[in-house]
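Colleague: Got a sequence here, can you model it:
(chains A, B and C)
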Amino acid sequence: MTSPSSGEAVAKPASSGFGRLLEQRVLLSIAVLAVLPWLLPSQALAVNVLIYGVVVMGYNLLFGYTGLLSFGQAAFFGAGAYFTGIAIGRYGMPWFAAVPIAVLLSTCLAAAIGMVSTRTRGIYFSMVTLALAQLVYYVALQASSFTGGENGLRGFTVDRISLFGFQVNFLDPVNKYYVLMAFAALAMWFQSRILNSPFGAVIEAIRENEQRARACGYDVERSKLIVFMLSGAISSLGGCMLALHLSIVPLDLLHYQTSGMIVMMVLLGGARSFFGPFVGAASFLILEDVISLWTPHWQIFVGAIFVLFVLFLPKGIWGTLLDALGIGKARP
Amino acid sequence: MDLSLIIMQLLSGIALGAVLVITALGLTIVFGMLGVVNFAHGALFMIGAYAGLYLASLTGSFWWGLLLAPILIGAFGMLIEFVLIRRLYGRSIDDPLLLTFGLSYILVEGVRIVFGSDGIPFPTPPQLVGVLDLGIGFFPRYRLFVIALVAVVLLALWLTLEKTRVGLIVRAGARDPTIMQVLGVDIGRVWLAIFGLGVGLAALGGVLAGPMRSVNPEMGSLVLAEAFVVTVIGGLGSIVGAVVAGLMVGISISLVALFAPEMATIVMFALMAVVLLIRPEGLFGVRGRTA
Amino acid sequence: MPKSGSTSKITRRTALAGLSAGAALLAMPRLGRAADETIRIGFPTPLTGPFAAEARDQVKCAELAVKLVNDKGGVGGRKVELLVRDDKLNAGEAATRTLELIEKDKVHAVVGALSSAVQLAVNEVTRARGVIYVSISQSDTINEAKDFSKYTFHEALNPHMTTAAVARQTLKKGMKVAHLVADYAYGHEMLRGFKRAQTAIGAETVGEILHPFGAADYSTFMPRLMSLRPDVLCISNFGRDQANAIKQAVDFGVKQQMKIVVPVILHNQRLAVGPDVFEGVVGGSNYFWGLETQSKSAASFNAAFKAANGGAIPTDYGAYGYSGVGSLLAAMQAAGGTDTDKVVDALEKLQYDLTKGPQHYRKCDHQSVQSVLVLESKKKSAMANDNDLFAILANDAGSDDMLRSCSELGHAT
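Modeller: Sure, this is the predicted structure:
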């Protein structure tokens, strides 16, 4: 018996036609993403926005909606990529088998890490997730016969995607984008289902007040573990997309700096909003791209912008925008 | 594998642990007393090294660098607390961590702009060059000095916190800031002092590490992960914990290096995972204290 | 030119994509490309990160190579343009930049990369799309059949060559050798190279210690290394790792007992650590400006670089930028243009001498056969000026038997 303190899980009657339109968030997001390659300076950048958008969306489930600041999301991003690459390259599996298997294995990894880290709370949780993800990094570095070690995983280039008799030349950047967008759409649909379900209400309740949620009779520990696994699963799908896109898996993907980048993106875009992760991914990547053109010291600007956001715009770009437009997804 | 080798290895581990201790100490004090996790701790360690080097070359003496750099960077830390972190008290517990994360990007890149991306040599002070013949083997004089200095600093810290009025105020302020304010203590000053102390310790770690490794803008990032691991093992907020955990980690890495040197870094994380499974708040942490 | 994608069935999706692509193309004003005349070479390099200085050197030298060709009228009358991109020493980033270079900037070839991981990433992207790639990263892996393609060329030295040259110079029969090795692919390649050369010479290995890649502290390995009492310590790691390892070994008094030897002695790391620590360390290199007293090519390369860069001298990494781009442009000249197959052919037949002596690409693995320098770091008092870092102990002329055999690498001979 819970009255969720947030409006997201329960469909609020929209105050205007525009608001009602915005509730179709999955479809809208897909529509925006569909035209993205023509808006951005390059297709490779657009694909990166898709990939990181999905990864950050998965992370948003953990951080934005449940309130768990993990610094180890890179472990699942990387796991999805590595498992996909190994399945295709080493075991010769076709992509439509490799991707589900990779997501499954990554979810198991998330379960393992989740079991250790959800025993801790608050700041410990952040530090533990960072350290465990670093452990995954070092293990991948050592297991070089599987992962290629420092050199990264290679040798699994996918140049053709075939499904149900349709064949697509995957090397063509436009084709590649729309195929990967299908993956992203799947991830978005999945995330939307989770958020709209009773479970979605539970995790938001945990974020608002863990003690109260427990008092209401919810198994907080189990819920945390489940959301950890779901978050890992979605982010790992982003990893699968990366593997298919780049045809390599770089070891750096697992480093905590990648986790940090994911955190930055979610904050830039707006945690606790559905489309925020994509906005955050796009802003970060475009910023980095543009600033890199006129100075190699882009990190100082990105860092400064991030600090300003933490201080003054904690809801991120999209979150603040939604707030300003008075649309029902605003948080107390 | 004879005994003298093992003893030398232990000594090595203690020297390694000493640096870990001093870096983790700063992190754990700031968290224990302010509830802030300083993600820029590694970057400040690195800046300490650069400051020490710069001051040493300016004054011509390593010792001035060693003395002044922590003070200078500690003051810089106070500035950071006053201007940036203070705005975040009362907001989510994660916000200082996020802010200092962004700050670390700024600090590292700032150093690259000013000093360049290349490594710079940090000469060992002439009085400490060379090895000491311990009978069972040679050990660098400088590392013995590091062990000794860290021990002295720990002693001084303990004495200050336990035996002086200033230390009393700091400890009380950590326990209950509201009562302290009621009692008329300017809690803002206490916060400044604590943050400055934490940052100063990081800088001291940097200056000490400088002559052992070359000084470069990236040297803080590995140190950050190590400091996190040590503080988590020891228990966030516990000074004793930081000391014990630091030494434990240093010695473990050192002994593992005898048998499986390529696993030396993984050992640190494995140790942390084991400790967390048995005692989630760390060896000396206070149960339930997470925020 | 990149090979066109293989034909695929027109699906609804591709038709839609094609339509929107067409519409967008019409809608967006494209810069008038009389510049389709320009020859574009992509150059990914780590402008940010620990090798920024080396990267900058490479860019300067690559630009010099382009300038010299353009001054003489370009390639077949067409100007050459170098598109420099920051790969941030990150394989993923490098792959993305390379994709952009190929898809957006329509480069005719790619030269570059510093780290092994980055070169392999770039290679994976270029070979799938039929774009020529000349790698200037030092690694054995790219020679092997698994990563090879007819579009892949390797202009730099590899660990096999450098370790053999260094071993020949420093090891004698009956010597005892200890190894400190970074535990990753590159470290293992160097170790393998050393041990092979050792066996041929008749020196024995008394111990091998692997250290974690990127370790900052080597103190825990020192007692064990010293207890092995070797004559020579071979340190097989790179960059910062090398600087730190040598520094700390010297701190522990290692130099009093044994000679320190490295596969590749790096100009910038020597600057980072200083003459005292590096004194007496011997290592291999692809280039040192001091070669100008022995080689006319070196002298003219140095002169051209000095003229364009205010009297500065080119470094080892810089020279790779020059010879990588230079050899590609020479092949394009010979091929009369940018037709990929013709340029590949021209590269395979090319004999060039840009920085230190005659070089050519071996047919089976496209490895550039070249001389290897063996250098010894000078002590401070012996340095004639700030740039006089090394003494040249040997300059072994390039030959095919410096390389591993084609069959060993998995190529059909």
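Colleague: Please list the residues of chain A that sit near chain B.
Modeller: Proximity of chain A to chain B, by CB under 8 Å from any CB of the partner chain, involves residues A:69, A:116, A:119-128, A:130-132, A:134-135, A:138-139, A:142, A:256-257, A:260, A:263-264, A:267, A:297, A:299-300, A:302-307, A:309-311, A:314. The C-beta positions use only the backbone N, C-alpha and C, and glycine is treated the same way.
Colleague: The closest residue to chain C within the stretch 51-200 of chain B: what's it in contact with?
Modeller: Per CB to the nearest CB, B:Gly119 is where the stretch 51-200 of chain B lies closest to chain C, at 3.3 Å. Listed by CB atoms under 8 Å, 6 or more residues apart in numbering or on different chains, the contact set of B:Gly119 reads B:214-216, C:50, C:240, C:243, C:269, C:272-273.
Colleague: Grab the nearest non-local neighbour of it.
Modeller: Among residues not flanking B:Gly119 along the chain, C:Ala272 sits closest, at 3.3 Å (CB to CB, 6 or more residues apart in numbering or on different chains).
Colleague: now the one you found: how far from chain A?
Modeller: Remark: distance between C:Ala272 and chain A (CB to the nearest CB, to the nearest Å) = 19 Å.
Colleague: element containing that residue?
Modeller: Following DSSP states H and E, one finds C:Ala272 within helix C:267-273.
Colleague: now swap in B:Ala172 and tell me
Modeller: helix B:165-175.
Colleague: Check whether that helix comes into contact with chain A.
Modeller: No - counting by CB under 8 Å from any CB, chain A has no neighbours in helix B:165-175; the shortest distance is 15.4 Å.
Colleague: From the contact counts, what lies against that helix?
Modeller: If contacts are counted by 3 or more CB pairs under 8 Å, 6 or more residues apart in numbering or on different chains; DSSP states H and E, helix B:165-175 sits against helix B:3-34, helix B:141-163, helix B:177-182, helix B:187-209.
Colleague: For C:Lys378, find the nearest of those.
Modeller: Across the helices and strands packed on helix B:165-175, C:Lys378 has its closest neighbour in helix B:141-163 (25.0 Å, CB to CB).
Colleague: For that closest one, list the C-alpha coordinates in PDB.
Modeller: Below are the C-alpha coordinates for helix B:141-163, written out as PDB (Å, rounded to 0.1, in the frame of the first residue of the first chain):
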ATOM      1  CA  ARG B 141      67.800   5.800   2.600                       C
ATOM      2  CA  TYR B 142      65.000   7.900   1.300                       C
ATOM      3  CA  ARG B 143      62.400   5.200   1.800                       C
ATOM      4  CA  LEU B 144      63.600   4.800   5.400                       C
ATOM      5  CA  PHE B 145      63.100   8.500   5.800                       C
ATOM      6  CA  VAL B 146      59.600   8.300   4.500                       C
ATOM      7  CA  ILE B 147      58.700   5.600   7.000                       C
ATOM      8  CA  ALA B 148      60.200   7.700   9.800                       C
ATOM      9  CA  LEU B 149      58.500  10.900   8.700                       C
ATOM     10  CA  VAL B 150      55.100   9.300   8.400                       C
ATOM     11  CA  ALA B 151      55.400   7.900  11.900                       C
ATOM     12  CA  VAL B 152      56.300  11.300  13.200                       C
ATOM     13  CA  VAL B 153      53.300  12.900  11.500                       C
ATOM     14  CA  LEU B 154      51.000  10.300  12.800                       C
ATOM     15  CA  LEU B 155      52.200  10.900  16.300                       C
ATOM     16  CA  ALA B 156      51.900  14.600  16.000                       C
ATOM     17  CA  LEU B 157      48.400  14.200  14.600                       C
ATOM     18  CA  TRP B 158      47.300  11.900  17.400                       C
ATOM     19  CA  LEU B 159      48.800  14.200  20.000                       C
ATOM     20  CA  THR B 160      47.000  17.200  18.600                       C
ATOM     21  CA  LEU B 161      43.700  15.600  18.300                       C
ATOM     22  CA  GLU B 162      43.700  13.900  21.700                       C
ATOM     23  CA  LYS B 163      45.700  16.200  23.900                       C
END
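Colleague: Averaged pLDDT, it. What do you get?
Modeller: Averaged across helix B:141-163, pLDDT comes to 91.
Colleague: Go ahead and name everything in contact with that helix.
Modeller: B:12, B:14-15, B:18-19, B:21-22, B:25, B:124-125, B:128-132, B:166-167, B:170-171, B:201, B:204, B:208, B:211-212, B:239, B:243, C:219, C:251.
Colleague: what do you get for stretch A:40-53?
Modeller: A:33, A:36-37, A:39, A:173-174, A:176-177, A:180-181, A:183-184, A:238, A:241-242, A:245, A:262, A:265, A:277-278, A:281-282, A:284-286, A:289, C:96, C:99-100, C:103-104.
Colleague: Any part of stretch B:90-109 near chain A?
Modeller: Yes - Stretch B:90-109 is in contact with chain A by CB under 8 Å from any CB, via B:91, B:93-95, B:97-99, B:101-106, B:108-109.
Colleague: Identify the residue with the minimum pLDDT among these.
Modeller: Comparing pLDDT over the residues of stretch B:90-109 next to chain A, B:Ile93 scores lowest. The value there is 75.
Colleague: Verify the contact between that residue and A:Phe125 for me.
Modeller: No - look at B:Ile93 against A:Phe125 with CB atoms under 8 Å: they stay out of range, at 10.5 Å.
Colleague: Could you tell me how many residues sit around C:Asp341?
Modeller: 14 (other CB atoms under 10 Å in any protein chain shown).
Colleague: Doesn't it belong to a strand?
Modeller: No - secondary structure of C:Asp341 (DSSP: H, G, I helix; E, B strand; the rest coil): helix, not part of a strand.
Colleague: Low-confidence stretches in chain C?
Modeller: For chain C, the stretches flagged by pLDDT under 70 are C:1-36, C:413.
Colleague: Walk me through the domains of it.
Modeller: What automatic domain parsing lists as the domains of chain C is C:35-157+C:299-369, C:160-285+C:372-402.
Colleague: Any chance of TSV for those, columns distance to B:Gly32?
Modeller: Formatted as TSV, the domains of chain C follow (distance: least, CB to CB, whole Å):
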stretch	distance to B:Gly32
domain C:35-157+C:299-369	34
domain C:160-285+C:372-402	26
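Colleague: which residue packs closest to the residue in chain C positioned nearest to chain A, ignoring adjacent ones?
Modeller: Of all residues in chain C, C:Ala91 sits closest to chain A, at 3.3 Å by CB to the nearest CB. Excluding the flanking residues, the one nearest C:Ala91 by CB to CB, 6+ apart is A:Pro250, at 3.3 Å.
Colleague: Among the residues of stretch B:90-109 next to chain A, which ones are in strands?
Modeller: Among the residues of stretch B:90-109 next to chain A, no member is found in strands (DSSP state E).
Colleague: Quick check: chain neighbours aside, which residue is closest to the residue nearest in space to the middle of chain B?
Modeller: Residue closest to the average C-alpha location in chain B (CA atoms, centre = their mean): B:Thr23, at 1.0 Å. Once flanking residues are discounted, B:Thr23 sits nearest to B:Gly205: 4.1 Å by CB to CB, 6+ apart.
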